[in-house]
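[1] no FASTA, just this:
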């Protein structure tokens with residue numbers, strides 16, 4: 001009897017605010033389609049928790065999409081049981097416009113952020129910044145050279161023991177955010193958080209926005225922003241992350 005390569009089931013969650021979700025979803029599906037073994041189901045949120053916990057791996061590109069408490073508990077248990085989750089960009093965000101006219105990040109989902117390993121708090125205005133390699137020996141970053149990107153530089157509250165693979169430095173003001181002043185420090189750009197038999201890989205890069213993605217606050221955004229999506233190294237990191245995720249188990 002001929003033996004065939006085993007099918008790999010993936011769930012992709014792409015949804016939320018202020019980003020060109022259509023663009024990100026399509027680009028990620030193209031990358032997943034490079035491996036014919038991968039069969040992908042696509043959702044906008046975490047409501048179909050059965051599909052997620054039955055998958056071999058999970059990829060998320062969201063902004064301000066927070067699971068229910070029950071789904072948070074199921075995600076935690078799924079990761080600890082051996083699941084691998086490649087979380088991208090705004091997955092760790094909870095955004096609210098405060099009465100002072102500034103955006104803030106309420107700590108409303110601590111279990112979710114503990115599983116992810118971080119919560120987005122703020123970012124300075126989009127501008128070029130340098131990304132350096134914190135662990136050049138890890139398979140995901142081996143051979144990756146330091147690079148410059150124009151993207152949202154994520155300033156985060158971190159949770160637990162993170163294995164940082166890429167990082168950047170920042171000191172200054174995150175204009176427009178309630179928590180706006182940041183002292184000089186290193187900030188993770190790409191990291192792994194091991195959790196019992198599984199792990200989360202988090203990549204903060206990848207902001208994208210089209211003309212109609214700031215509604216209802218702004219009817220028409222004047223530019224199309226692709227940020228790190230314009231860089232070959234970002235696609236390299238996406239492919240490496242997918243390869244990591246489909247292996248399963250602890251990192």
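    Done, it's in. Everything numeric in this text was worked out from a predicted model, so none of it was measured.

[2] I'd assumed residue 105 was in contact with residue 98.
    No - using C-beta atoms under 8 Å, residue 98 is not in contact with residue 105, being 10.1 Å away. Bear in mind the C-beta positions are built from the backbone N, C-alpha and C, glycine included.

[3] mind listing the shared neighbours of the two?
    Taking C-beta atoms under 8 Å, 6 or more residues apart in numbering as the contact rule, residue 98 and residue 105 both touch residue 178.

[4] buried residues in stretch 143-163?
    Residues of stretch 143-163 classed as buried under the neighbour-count rule (16 or more other C-beta atoms under 10 Å) are 144, 149-156, 158-159, 162-163.

[5] what's the most distant pair in those residues?
    150 and 159 (27.8 Å; C-beta to C-beta).

[6] the stretch 151-251 of the chain: strands as residue ranges?
    All strands of the stretch 151-251 of the chain, identified by DSSP state E, counting those that start in this stretch, fall at 155-158, 163-173, 181-195, 198-203.

[7] ok, back up a step: closest one of the buried residues of stretch 143-163 to residue 219?
    residue 152 (22.1 Å).

[8] I'd say the closest one and residue 228 touch.
    No - contact criterion C-beta under 8 Å: residue 152 and residue 228 do not qualify, at 9.3 Å.

[9] what's the closest of the buried residues of stretch 143-163 to residue 50?
    Out of those, the member with the shortest distance to residue 50 (by C-beta to C-beta) is residue 159, at 26.4 Å.

[10] bridged to the residue nearest to residue 65 when sequence neighbours are not counted, which residues?
    If the residues on either side of it in the chain are set aside, residue 65 comes closest to residue 16, at 4.5 Å by C-beta to C-beta, 6 or more residues apart in numbering. With DSSP bridges as the criterion, residue 16 is bridged to residue 63.

[11] separation between residue 141 and residue 132?
    Residue 141 is 10 Å from residue 132, where distance means C-beta to C-beta, to the nearest Å.

[12] again but with residue 164, I slipped
    From residue 164 to residue 132 the distance is 10 Å (C-beta to C-beta).

[13] and the two? Which one has more around it.
    Each of residue 164 and residue 132 has its neighbours counted (other C-beta atoms under 10 Å); residue 164 has more, 19 against 15.

[14] need the nearest residue in space to residue 193, chain neighbours excluded.
    Distances taken as C-beta to C-beta, 6+ apart put residue 117 closest to residue 193, at 3.6 Å, once the chain neighbours are dropped.

[15] residues contacting that neighbour?
    Counting by C-beta under 8 Å, 6+ apart, the residues that residue 117 touches are 158, 159, 160, 162, 191, 193, 200, 202.

[16] hey, what's in contact with both of residue 141 and residue 132?
    By C-beta under 8 Å, 6+ apart, the residues touching both residue 141 and residue 132 are residue 166.
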